[in-house]
Every structure is written in C-alpha cells, then in structure tokens.
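Enquirer: Provided below are the primary sequence and the corresponding predicted coordinates.
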Amino acid sequence: MRILSSAMHAQLDYVFIIIFVALAKFLGWGSTLSWLLVGLACGVWIYSMLTHYELGLVGLIPLRVHLVIDVLSGLFLIAAPFLWLDQESGMRIWMVGVGLFELAIALMTEIETQRHEQTVENKL
C-alpha cells in the first residue's frame, strides 16, 4: 500500500542523509563502514537533488527510478554488515534496521509526484 506522498518521501531522503552521517561519525564504527555511510549520504544527496519531485532541484531522474535506487540502497545496507564480518553485532542491528526502514519507505511511496512544472509565463 502506497501511503507516503512524494513530498514526504523527499523530506525523508534528507533525514536519511543526516542519519547516515550521524551513524558514520558518532557511533565509532570502523573506517570502512564509516566511509561507506558517508558515501551513501553523498549519493542520496546527489540523486535526491536530481529527482523530479518536490525537493529536487533539477528534475532529471523520474521518481520511479529514484525509488528503485532507494530499494537497492536499502538492500545494500542490509547486506553490508554481513560482508564485513569483523564488525560488531550492534552495528549490524543498526545497519539492517536502517536498510529495512529505507526499503519500507521506498515501497510505501506514491509513484506519481505532486510537483507541478511552472510554465515560462508563470515564472515571469
């Protein structure tokens, strides 16, 4: 069931950026996972700015493509702690939890955006 609007999803994308950076910087995890999370944060920021939705700046990426990237990112977050087996179990819980949350948000977001394009006459 799709219960989140594209506008709410856009806001949550920027919350995820903060979460990724906070997890990387403040929980004292290994450098590999910290850089991975910062890299994910940068990636989310870039593709969010390029997405055609309410808080996107450029509108090059359709929302459907954005949601597919979110699903892939969520799956990667779920798999990541098991790819680096030397990490502590508390970190695994956080990563799997954030990955599942990202998957849920992507799957519950309406596919059609409410963003309206302004015509040249309306911009002037």
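Expert: Yep, that arrived. Numbers count the residues shown, from 1 in each chain.
Enquirer: which residues sit in contact with Tyr47?
Expert: Shown in contact with Tyr47 (CB atoms under 8 Å, 6 or more residues apart in numbering): 61, 66, 69. C-betas here are computed from N, CA, C, even on glycine.
Enquirer: would TSV of the residues you listed with distance to Val15, pLDDT and neighbour count be doable?
Expert: Shown next, in TSV, are the contacts of Tyr47 (distance: CB to CB, whole Å; pLDDT from 0 to 100; neighbours: other CB atoms under 10 Å):
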residue	distance to Val15	pLDDT	neighbour count
Ile61	19	95	19
His66	15	96	25
Ile69	17	97	16
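Enquirer: Helices of this protein, start to end?
Expert: 6-26, 31-50, 63-83, 89-108, 120-123 (DSSP state H).
Enquirer: Just send the ones you listed back as CSV, with distance to Gly56 too.
Expert: Below are those laid out as CSV (distance: least, CB to CB, whole Å):
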stretch, distance to Gly56
helix 6-26, 7
helix 31-50, 6
helix 63-83, 8
helix 89-108, 16
helix 120-123, 17
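Enquirer: among those, which is nearest Leu57?
Expert: helix 31-50 (4.7 Å; CB to CB).
Enquirer: Least reliable of the helices of the chain by average pLDDT, please.
Expert: Note on the helices of the chain: lowest mean pLDDT is at helix 120-123, with a mean of 42.
Enquirer: chain center to stretch 2-18, what's the gap?
Expert: 8 Å (CA atoms, centre = their mean, to the nearest Å).
Enquirer: List the buried residues of it.
Expert: Neighbour-count burial for stretch 2-18, counted by 16 or more other CB atoms under 10 Å, picks out 4-6, 9-10, 12-13, 16-17.
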